[in-house]
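1. Please work out how this folds:
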Amino acid sequence: MFGKRQGFITTGILAGMLTLIGLAGTATAQKPPAATYTDLHDFNPSAGDPHTFSESSLAQGRDGNFYAESNGGGTGNGTVFKITRTGTPTIVLSFDGTDGSNAVGGMTLGLDGNLYGDTWSGGSSGDGITFKITPAGVETGLHNFSNTGDGANPANVLVRDAADNFYGTTNDSTAETVYKLSSAGALTTLHTFSVSDGQGGGQLILGSDGNLYGGMNQGGSSGYGTAFKISTTGSGFTVLHNFDDTDGNQAAPGMAQITSGKFYGATELGGTTGDGVVYSLTSAGAFAVIHNFSSSTDGHQVLTPVRATDGNAYGVAYSGGTSNCGTIYRVTPGGVFSVVYTFDNTHGCNPAGYLTEGTDGKLYGLATNGGAHGNGVFYSLNLGLAPFALLTTTSGIVGSTVGILGQGFSSSSVVKFDGVPATKIVVTGTTYIAATVPAGAIDGFVTVTTGTTTLTSSQTYIVHNSWKNGAAIPTAVDFQATAVLNGEIYLVGGVTTAGTVADVQIYNPTTNTWSTGTSLPTATDTAAAAVVNNVLYFIGGSHPGVFSNAVWAYNPTTKAWTSKAAMPTARNGLTAVVENNIIYAIGGYNGTDFIDTVESYNPTTNTWKEEAPMLGTKDTPAAGLVGTTIVVADGSNVPGSVTGDTEAYNATTNKWSELTADPTARTGPCNGVIGSLLYDAAGYINNAGAATTVNETFNLSTNKWTTTLAPMPTGTMFGGSAVANGQLYCLGGELVINSSSPVSNVQIYQP
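-> Okay, the predicted model is just below:
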C-alpha cells in the first residue's frame, strides 16, 4: 500500500504529542461501548476539496479544528487543509513544489500554536522539506533535505517533545536517518540506519521513558523489518525485535504506548495469513503477536492503533473486511481483539490515516476512497467517551504557562491544578486556554470548569521543584534503614515511641499504600540498607547498649532474613552505597568516635574488604552513586558538631578526593541521587533544635551546590530516604533533636 512512505500516529489525541496523552490518566479499560460511525464529509475534487490521503493523521488545533495534509487538490502538489468537526474543509495551503510537494503524513501542533509537518519531495533540492504553518496559512520552510548526510524524503508524522523539538525519519534508501529539528529549524542527524537496523519507513513515538521508538518495513536479520528504540540524543540505538514474516512484515507503522513500558504495534503484512498483525512489545524487547488479521473478515494492510481515553487501543486496516474497504478495530490492554466498524464504500473506503481522539471524546479519521464522489470521506466514531481537556505540556514549574485544548470554554472558566485554582488564565475563543501554574500546585490532573461542566485532563501535570505528601507511615519511626526493592520502599527497624524495633514497613509509591513485611531477627536502629541483585542487605546499626556488625539479607521471594558475614567494624550511623554490585559501608559511629572507616562487601562471595578511609569523619551523612563515583557529604564529624565536607570516592583507584563543601552543613538529611545530582534536604544543623528545611543539590560535573530549590514543607532529621520513580521520598524522622517523638510524615519531592 504505502511502501517506503509508511507512517502512523502513535498514542491518542494529537499527532506528535506522544508523551502528553493518556498514559498518566485515570482511565482504565472499560467494557467496549457501542460505536456510532458518521460520514461527516464526502470529498469532492470538482468542488475544490483536498483529496488523496496517505498517512494523513489529524491534529487538533487551538481553534478546535483538525489539520491534515493531502496528496491531491490545490494546485496539484498537495495541500495542508483544516476541517471542522462537523465536516467543512478549507484548504490552508497549496504546495507549489518549491515549498514542498507530495504531502504524505500528518500535522503536529507546536507549543506556539502553529502546525508542523513535512513533504516527501519538493523544496530547493527536490528531496522534501519540513515546515511550519500558521492556522491562517503562512508557511515557513524549516529545512530543505538534500541527502548530504541529512537524508531525503521525510514522510511520517513529526513527534514533539516538551522543549518544542521535533523528531522524524527520512526514507531515501541511500541514507535513511532519524533526525531532530528545533522549532527554529536547526536540524541534527541522530542516527543513520544500516540494513541490520532496518530499512524503509520508521515512524517514531516518544515514549514516557524519554526514548524514541519506531518500526521499519524491511531489513533486520530476516529482511522483514524491525522495531527499535533510540535516545533523543542519538545514543543507545537498539533493535528490540526482528520480524520474520510469520510474526509480521513491514512494521513501519510503528508503535503506540499502552502502559508504562508496554507498546502495541502493527505490521502491514505478514503473520499467519499474510494480512498483517497487531503485536505487543515491551521496552526491554519482549514480543508477542496479539492478533493475526484475515482479509476476508477483519482487514488487511494494518495501521497502528492509538490509545483512547477508555484505555483501549483503536486502529484501522486499509483494506479487507466484508466490503474489502477496510475496518476499524479495537484491542484491549489485556489483548482482546474485536472489529468495531467495517467500511462499506458508500460511506468511505480505505482508511489511509490514523485515528485521532478529539477532546470531545470522539475518534476522527480520513478515508482516501469511497463516499458520494469516490474520493474519500472525513468520519467520526462515537464510542460514548467523555469529553476531556488536553494539555499541550505536561510538566513545568510554578509560573509556567500551560496550553489547554477543549471546548465550551469562556471567560468564566475556572482552571485548577489538582484542586489549586490558577489565578491567571487567558481564554482564546471556546477551545483554548493558556493557564499559569499557581503557587501551591502539585502533581495531579488539571480541570476546567465552565458553568456546570467540568473537563478533566487526560494527563497528569507534573509540577517540578515541588513537594507533596504521601500516605502516612502506619507506625511513626526515625533512625530506620531504607532501601528500594522491586519498586517498593522498605523501612527496616528504627526507633518508635516504644523504643528500638524490628518492624519492616513497606510503601508502594504507585498505589500510595503501606503493608507489613517480615520482621528483622533483632530489633535494630541507625543501620544502613542496600539492594544488590534483588536482595536487600541490612548492615550494622545498634540496639540498646550494643553496636552491631551484623549483616542480614532479605529475599523477597521467600520473605525470609538470612545471616551473612559480619562487617569488620561494628557501628551505627553508617551509610551504604552500591557500585558495580559491591556494597560500600561508609563512616558512622563506633560507640566512642565518629569514624572515617570504609569497608566493602561482595554479596557473591559473602566477604568483606577494608578500603581507603574517607578524608574526614562522617556520621549519618548524605551519600549516593553519581555515575560511577560515590559522593558523600555532610554528617557529624566530632561530638556536638556537623560538617558540610563533601568527598568523592573512585572505587577503581580506591581513592578519595575533596569536593566543594555543602553551604548548609548538616547531619541526618533526606538524600538520594536522581539523574546526575545528589539531593540533600532538611536534617540537623548546629545549635538548632528543630530541623532545617533547606533543600539543595550537588552537581559532580561542575562541583557546585545549588541552594534555590523549594524547601521541605516540614523539616525532619534522621528519617528514611529513598528515590523511586524519579522522585525523592523523605519518610518519618523527627522534627526536634532528641525529641523521642518520631513522625509519620511522607514528603515527596518532584525535581
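2. From here on, just use CA atoms for contacts and neighbour counts.
-> OK.
3. From what I see, Ala175 and Ser146 are in contact.
-> No: shown here, Ala175 and Ser146 do not form a contact pair, counting by CA atoms under 8 Å, at 10.8 Å.
4. list the helices and strands the lowest-mean-pLDDT helix or strand in the chain packs on?
-> Lowest by mean pLDDT, DSSP states H and E among the helices and strands of the chain is strand 199-206, with a mean of 90. Packed against strand 199-206 by the contact rule (3 or more CA pairs under 8 Å, 6 or more residues apart in numbering; DSSP states H and E) you find strand 159-160, strand 165-169, strand 211-218, strand 255-259.
5. which one of those has the most crowded surroundings?
-> Across the helices and strands packed on strand 199-206, averaging neighbours per residue (mean count of other CA atoms under 10 Å) puts strand 159-160 on top, at a mean of 29.
6. Can you give the strand pairings for that one, parallel or anti for each?
-> Partner strands for strand 159-160, per DSSP bridges, with pairing direction: strand 165-169 (antiparallel).
7. What confidence value was assigned to Thr177?
-> What the model reports as pLDDT for Thr177 is 95.
8. That one contacts Val195, correct?
-> No: contact criterion CA under 8 Å: Thr177 and Val195 do not qualify, at 12.0 Å.
9. Same question for stretch 425-442: list its buried residues.
-> 425, 427, 430-438, 440-442 (16 or more other CA atoms under 10 Å).
10. would you turn those residues into TSV with pLDDT and secondary structure?
-> Below are the buried residues of stretch 425-442 laid out as TSV (pLDDT from 0 to 100; DSSP: H, G, I helix; E, B strand; the rest coil):
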residue	pLDDT	secondary structure
Ile425	98	strand
Val427	98	strand
Thr430	98	coil
Thr431	98	coil
Tyr432	98	strand
Ile433	98	strand
Ala434	98	strand
Ala435	98	strand
Thr436	98	strand
Val437	97	coil
Pro438	96	coil
Gly440	91	coil
Ala441	93	coil
Ile442	90	coil
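11. Let me have the helices and strands packed on strand 199-206 in CSV, extended by mean pLDDT and distance to His373.
-> Listed next are the helices and strands packed on strand 199-206 as CSV, based on pLDDT from 0 to 100; distance: least, CA to CA, whole Å:
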stretch, mean pLDDT, distance to His373
strand 159-160, 96, 33
strand 165-169, 97, 34
strand 211-218, 96, 32
strand 255-259, 95, 33
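12. Helix or strand: which one has Thr309?
-> Thr309 belongs to no helix or strand when assigned by DSSP states H and E.
13. what about it, distance to Tyr601?
-> Using CA to CA, to the nearest Å, we find Thr309 at a distance of 49 Å from Tyr601.
14. out of these two, which sits in the busier spot?
-> Thr309 (27 against 20; other CA atoms under 10 Å).
15. my guess is the more buried one meets Leu383, correct?
-> No: the criterion here is CA under 8 Å, and Thr309 misses it with Leu383 at 10.5 Å.
16. shared neighbours of these two, which are they?
-> Residues touching both Thr309 and Leu383 (CA atoms under 8 Å, 6 or more residues apart in numbering): Gly361.
17. Please tell me how far the residue nearest the centre of the chain sits from Val477.
-> Centroid-nearest residue in the chain, with CA atoms, centre = their mean: Ser208, separated by 2.0 Å. Ser208 sits 35 Å away from Val477, going by CA to CA.
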